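Chemist: Pasted the sequence and its predicted model underneath.
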Amino acid sequence: MYLALFIASFLSYSDNWKHILTQNERGLIVTGNLFDIKIGYASFKNPIALASMAGITDSAFASGFANAGLLVLGGYNLDRETNEAARKETERNRSEFITDTPMELIKSELEKAKDIGTTIAINVRAATLEPFLEAANIAKEAGAILEINAHCRQPEMTSLGVGEALMKNLPRLGEYISRIKKTGVVLSVKVRANVVDDLELAKTIEGAGADIIHIDAMHPQGVDVGVIKRIRNSTRLFIIGNNSIVDFDSAKEMFSRGADMVSVARAVIKEPGIIDYLVDEISSVQALTGWYNAPKHICGGGDLRALAFCCPPVKPCAVHAALKQVGLMPQEFTNLKLGFSRGTAIESGEGTCFGSMAWCCKITKPCFLRDSVLERTKLSDVEYMIIKKKLSEHILKHRKKC
């Protein structure tokens, strides 16, 4: 964990950051407006989430993790069919939320969750569309997010066309999303990687109008962080990365490949303090750099946002493959970067490799040439990275293909 004194020395470059630091007995807690993460009416105080766990993650359990930016309650069963399937699952010792009055249950849970003090989502399952629509209206009225469970792989559910079965029926999933979004609810879809074509799935979810893809990056050999990168490169969806987030290194792997948020599940049972720990760590990164989920460099396996850190495309390297992905010619890319940087603080760069910080790497990579310019121009690390983030958005705004 970064020391508060060390952070304060970095933040002294910009008075705008000073008011967001507070202390507690564990060390650094960063609050206030450090993160600016919003989707529709939903806003998140940080990019760490508690994922839903059937039979476990209700409002009482989630209240112990109020420091998270998002708490996903559920999964809740919305109709007779899914509740009956859940009863069958409990006969083989699985945990489930079972009720004869599902809408009353989620109303009650959302009412109780109001006092937790963070953004709430409800993960739900149903065998037909109508219960989803009713739950969506309830969630919207409570200022909560609705999450379609297209993730559950229990046979009792999939035999109903529920959970993972929705990923295998993209027309039906797309119709559900499109109809549910008409309620105005902020909508997430929880899915599992490496079951169907992940990019086709993500594009269907995006095309139908969902706001968030919450992806369990499951792979037979472990965690597939590459699926986060592939979806980041192909869609504009808000991405929540999930699977085996057990420490900050595993969280960083997903953030650096394009996750906007990461979610923790079973790890909170083994180590209840992990949410607070991850919040502290990612807040420190944001305070120090201004871009908490900055990508790895393109040559290091980063997603297309990392074009903001690339050198001019004048020699054989990975940047050319990335430019082909976005449909830009080398000269177009050069013009985009130089045009954006003109008149900004990164236009200068005398003494750097290519004479402008438009071509310089991310701040966490040591470079005395870049750092000497930053010191001379009194540009802070945070300010530098914020400009680089805007540059990445500018480049991808001009992409010609996905």
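Modeler: Now that the structure is in, tell me what you want to look at. Residues are numbered from 1 along each chain as shown.

Chemist: quick one, domains of the protein?
Modeler: Here the domain assignment for the chain is 4-289, 298-397, based on automatic domain parsing.

Chemist: Adding mean pLDDT, write these out as JSON lines.
Modeler: Converted to JSON lines, those look like this (pLDDT from 0 to 100):
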{"stretch": "domain 4-289", "mean pLDDT": "91"}
{"stretch": "domain 298-397", "mean pLDDT": "96"}
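
Chemist: For Phe354, see how far away the nearest residue to Met53 once chain neighbours are set aside is.
Modeler: Of all residues beyond its chain neighbours, the one nearest Met53 is Ala265 (5.6 Å), with distances taken as C-beta to C-beta, 6 or more residues apart in numbering. The C-beta positions use only the backbone N, C-alpha and C, and glycine is treated the same way. From Ala265 across to Phe354, the span is 45 Å (C-beta to C-beta, to the nearest Å).

Chemist: Could you do Asp224 as well?
Modeler: Taking C-beta to C-beta, one finds Asp224 at 35 Å from Phe354.

Chemist: Which one's more surrounded, these two?
Modeler: Asp224 (19 against 12; other C-beta atoms under 10 Å).

Chemist: Excluding chain neighbours, what is closest to that one?
Modeler: Counting by C-beta to C-beta, 6+ apart, the residue nearest Asp224 is Ala217, at 4.8 Å.

Chemist: so what's the one you found up against?
Modeler: 193, 223-225, 227-228, 241-243, 254 (C-beta atoms under 8 Å, 6 or more residues apart in numbering).

Chemist: just checking, which of those belong to strands?
Modeler: 223, 241-242 (DSSP state E).

Chemist: Which single one of those is nearest to Lys168?
Modeler: Set against Lys168, the nearest of these by C-beta to C-beta is Asn242 (19.8 Å).

Chemist: Contacts only, for the closest one.
Modeler: Contacts of Asn242 (C-beta under 8 Å, 6+ apart): 51, 214-217, 262-263, 265.

Chemist: So what sits opposite it in the bridge?
Modeler: Assessed by DSSP bridges, Asn242 has beta-bridge partners Asp216, Ser263.

Chemist: And for the residue nearest to Met53, the neighbour number?
Modeler: Ala265: 19 neighbours (other C-beta under 10 Å).

Chemist: quick one: the closest residue to Val246 other than its chain neighbours from Val314, how far?
Modeler: Closest residue to Val246 apart from its sequence neighbours, by C-beta to C-beta, 6+ apart: Ala267 at 4.8 Å. Separation of Ala267 from Val314 (C-beta to C-beta): 45 Å.

Chemist: Val189 too?
Modeler: 42 Å.

Chemist: Between these two, which is the more surrounded one?
Modeler: It is Val189, of Val189 and Val314, that has more neighbours when counted by other C-beta under 10 Å, with 29 against 10.

Chemist: Let me see the contact set for the residue nearest to Leu304 when sequence neighbours are not counted.
Modeler: Leaving out its chain neighbours, the residue that sits closest to Leu304 by C-beta to C-beta, 6+ apart is Asn233, at 4.9 Å. By C-beta under 8 Å, 6+ apart, the contact list for Asn233 reads 258, 303-304, 325, 402.

Chemist: Same question for Gly69.
Modeler: Gly69 touches 35, 37, 44-49, 118-119, 261, 279, counting by C-beta under 8 Å, 6+ apart.

Chemist: if you set the cut-off to 10 Å instead, what comes out?
Modeler: By C-beta atoms under 10 Å, 6 or more residues apart in numbering, the residues touching Gly69 are 35, 37, 43-50, 118-119, 261, 263, 275, 279, 282.

Chemist: Can you select the buried ones among the residues you listed for me in ChimeraX?
Modeler: Here is the ChimeraX command that selects the buried residues among those (16 or more other C-beta atoms under 10 Å):
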select :35,37,44,45,46,47,48,49,50,118,119,261,263,275,279,282
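
Chemist: Which of the contacts of Gly69 fall within strands?
Modeler: 37, 43-44, 48-50, 119, 261, 263.

Chemist: just the strands in the stretch 1-150 of the chain please.
Modeler: For the stretch 1-150 of the chain, the strands defined by DSSP state E, counting those that start in this stretch cover 21-24, 27-30, 37-39, 42-44, 48-50, 70-77, 119-125, 145-149.

Chemist: The stretch 201-350 of the chain now?
Modeler: Using DSSP E, counting those that start in this stretch, strands in the stretch 201-350 of the chain cover 212-216, 218-219, 222-223, 238-242, 261-264.

Chemist: which of the contacts of Asn233 count as buried?
Modeler: The buried subset of the contacts of Asn233 (16+ other C-beta under 10 Å) comprises 258, 303-304.

Chemist: from the residues you listed, which is closest to Met167?
Modeler: Looking across those and measuring by C-beta to C-beta, the closest to Met167 is Gly258, at 20.3 Å.
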